[in-house]
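Enquirer: Fold the following and give me the result.
(chains A, B, C and D)
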There are 2 protein chains.
Amino acid sequence: MSPVMATLADVARHAGVSTATASRIINGSPKPVADALRARVLAAVAELKYVPNAHAQMLARSHRSAVGVIVHDVSDPYFAEITRGLQRVAEADGRLAIICNSYREPDRELEYIDLLHAHQVAAIVIAGSGYLDAATAARLDDRLRAFEATGGRIAVIGRHEHTGDAVMPDNEEGGFLAAEHLFSLGHSDIAVIAGPPALTTTADRLTGVRRAARKYRRRLPKERIVHADFTRDGGVAATERILAEFPSVTAIAALNDSMAVGALAALRGAGRPVAVIGFDDMPIARDVTPALTSVRLPLTELGERAMRLALSAAADEPRVEHVAAELVRRESTWRLED
Amino acid sequence: MSPVMATLADVARHAGVSTATASRIINGSPKPVADALRARVLAAVAELKYVPNAHAQMLARSHRSAVGVIVHDVSDPYFAEITRGLQRVAEADGRLAIICNSYREPDRELEYIDLLHAHQVAAIVIAGSGYLDAATAARLDDRLRAFEATGGRIAVIGRHEHTGDAVMPDNEEGGFLAAEHLFSLGHSDIAVIAGPPALTTTADRLTGVRRAARKYRRRLPKERIVHADFTRDGGVAATERILAEFPSVTAIAALNDSMAVGALAALRGAGRPVAVIGFDDMPIARDVTPALTSVRLPLTELGERAMRLALSAAADEPRVEHVAAELVRRESTWRLED
DNA sequence: TCCCGTGAGGTAAGCGCTTTCCTAGACCGT
DNA sequence: ACGGTCTAGGAAAGCGCTTACCTCACGGGA
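Expert: Next comes the predicted model:
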């Protein structure tokens, strides 16, 4: 048990053949090889517990096979769902997907892009939201271009500075649907729990909400839009502020389900009926009480399509696929009788 | 935009130095270098957008830095939580964690072990449950030993065939706590929704449940133990069977929270009060209605400890750390008045 | 003046594999 | 029997990097 790996040369020596022959047998190359040699080599592989060095293979083959994925946080159900789709397609294509969590930090995202670049991945999928800050977005775009310049493929989910293949969840329309639902139920005083202001996802959903407000001629003052961090606890805190500051509010639109669940929790003890609509329609939505009305985004599909784009050859024109949002009515929203 | 990466040699040529000097400057080697050269090299790096080839580096340095993680499914909140802990520690140690989903298929797990081995990771953490089937477990153990023989480190979470460093959630005790809780509340007719029978996690939790039954002198016939697949929908189906077949059952112990949530959902329309206790105390537990009583396992900590074991040098003796389970009472269980 | 020590930089030998040639038999037809 | 065509297998040239070792120039002490 010496801490050293058996190499192809060891196997070849053990079997009394050249490394060329050993390599050909092990990789099932089309070149014909006598059965006797084949058996000897395979026996040597088994005996030495030989496992080829993937790095050496990469280097020698200079043919990229892995793909990289950058998400904000896999353990967030939103990204978990997307990642499932990404993985499914990557695996069907026989590729290892390297998943990186940026935790919504642009710097970490930059680092990971370079890391994936360094690891010679064939493609990178950016599944996290884009950043509104122009400088940040430009830096990211710069690194992505460098990667593309070496023949790497890129696909992004959502609105990013980067021009190229993308799949776009219709966040603006989703925001519109959410707010419209509330307004059409007679709620005229609503509050919004938005995500981090730096993200394009937040901005787009909010734009939709505002459009609905205009259409229904409702006021939606800035103070009624409370930013939180897309987590349950963020939702709890935001809801508490809303309850304290706006006694007239009868409905809350949370721009993702985690925050909506937090809102429901905060509302539980509040003794004041407030309707809540979420966004993303994550699996928990149907299991909370009241079951959460939400705007559904086909997350797994989002992931699948992005990975398919990333794995297909680059097109002349950037391809942009839109995927629609859809309202899912459950018990957390109701008509306001007046 | 020719699809080719700039190499160190390109950078060196561009800056008019040797590759040795370029390498030293780029990696900040201790060897002193004139400032003029340093500046020229750095400028060349920027201009050529040079990113070192990680595979070539690995090969040249023969010093392993990445770590591998095998879980059943990251998008399962149970593993998401564990993974978070694993990642946190790996990152603090400056290592890339490669995460692989086995989806509870031993073959895929085998494949991934070899893949990680091939990628020269420094350590592998197996976060999924072990398998009861001796042949399967032995095959896995065999591959793990091969990896260890090359100097790789291994840490497992839960009971596995593999002898070595491990962190053990006290599943047996947890199962006992769950069942004891139910029995002590006066429920004598209980049913169990167990996980896949092939997993050690299922077996251990079940053992604890049976011990509690013996202690409380309750019968727990085999038919009352329904196996499902650790998912919400599995829980729904199992509960429907239980409701149909066992009219006297007043409480259900589900061996994980996902299935417990499914049970709650199935019970919602059943018009029959049945207490439910879950296992793992995942975040959703407090947001379902009724809030789920569960057995808490400190999942993030589990992950952190496992990764710490994996990253520390091998000890003479296998190190086994136990982590305790703890009952968390909420509203889904109540005293049975008779 | 000579020698040696020292410091900056270059040379080249691998790391473990794949793959392109090349070689040397075996086999064929005439 | 002879040249020509295949064929199975081997030799060796990289893939892009790191690093041990070497070289060369300069300076200072004896």
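
Enquirer: what residue is smack in the middle of chain A?
Expert: Nearest to the mean C-alpha position of chain A, by Cα atoms, centre = their mean, lies A:A127 at 3.4 Å.

Enquirer: which residue sits closest to that one in space, ignoring its chain neighbours?
Expert: Distances taken as Cβ to Cβ, 6 or more residues apart in numbering or on different chains place A:V71 nearest to A:A127, at 4.4 Å, with adjacent residues excluded. Bear in mind the C-beta positions are built from the backbone N, C-alpha and C, glycine included.

Enquirer: Beta-bridge partners for the one you found, please?
Expert: A:N101 (DSSP bridges).

Enquirer: So for it, what's the pLDDT?
Expert: Note on A:V71: pLDDT of 95.

Enquirer: Tell me the spacing between it and DNA strand D.
Expert: Distance, A:V71 to DNA strand D, using Cβ to the nearest atom of the strand, to the nearest Å: 27 Å.

Enquirer: How about A:I98?
Expert: From A:I98 to DNA strand D the distance is 19 Å (Cβ to the nearest atom of the strand).

Enquirer: and what of A:E245?
Expert: 56 Å.

Enquirer: Tell me how many other residues surround that residue.
Expert: 12 (other Cβ atoms under 10 Å in any protein chain shown).

Enquirer: How about the residues of the stretch 1-150 of chain A by DNA strand D?
Expert: A:16-21, A:31-34, A:36-37, A:56, A:59-60, A:62 (Cβ under 7 Å from any atom of the strand).

Enquirer: among these, which ones are buried?
Expert: A:17, A:21, A:37, A:56, A:59 (16 or more other Cβ atoms under 10 Å in any protein chain shown).

Enquirer: can you redo the residues you listed as CSV with secondary structure?
Expert: What follows is those, written out as CSV (DSSP: H, G, I helix; E, B strand; the rest coil):
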residue, secondary structure
A:V17, coil
A:T21, helix
A:L37, helix
A:A56, helix
A:L59, helix
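
Enquirer: which residues of chain A fall in strands?
Expert: A:67-71, A:97-101, A:123-126, A:153-157, A:165-169, A:190-194, A:225-227, A:251-254, A:275-277, A:294-296, A:320-323, A:326-328 (DSSP state E).

Enquirer: In the stretch 101-250 of chain A, what residue comes closest to DNA strand C?
Expert: A:Q120 (13.0 Å; Cβ to the nearest atom of the strand).

Enquirer: Please report how far whatever residue of the stretch 201-338 of chain A ends up closest to DNA strand D lies from A:I154.
Expert: Nearest residue of the stretch 201-338 of chain A to DNA strand D (Cβ to the nearest atom of the strand) works out as A:A314 at 20.4 Å. Separation of A:A314 from A:I154 (Cβ to Cβ, to the nearest Å) stands at 9 Å.

Enquirer: worst-scoring helix or strand of chain A, pLDDT-wise?
Expert: strand A:97-101 (a mean of 90; mean pLDDT, DSSP states H and E).

Enquirer: Can you give me the buried ones in that one?
Expert: By 16+ other Cβ under 10 Å, the buried positions in strand A:97-101 come out as A:97-101.

Enquirer: Check stretch A:133-147 too.
Expert: For stretch A:133-147, by 16+ other Cβ under 10 Å, it's A:136-137, A:139-141, A:143-144, A:146-147.

Enquirer: ranges for the helices of chain A?
Expert: Counting by DSSP state H, residue ranges of the helices within chain A are A:8-15, A:19-26, A:35-48, A:54-61, A:77-92, A:106-118, A:134-149, A:171-184, A:200-215, A:232-245, A:257-268, A:299-311.

Enquirer: deepest of those, which one?
Expert: helix A:257-268 (a mean of 25; mean count of other Cβ atoms under 10 Å in any protein chain shown).

Enquirer: contacting residues for the nearest residue to A:T289 once chain neighbours are set aside?
Expert: In space, A:T289 comes closest to B:T289 once its chain neighbours are excluded; the distance is 3.1 Å by Cβ to Cβ, 6+ apart. By Cβ atoms under 8 Å, 6 or more residues apart in numbering or on different chains, B:T289 lies in contact with A:288-289, B:264, B:331.
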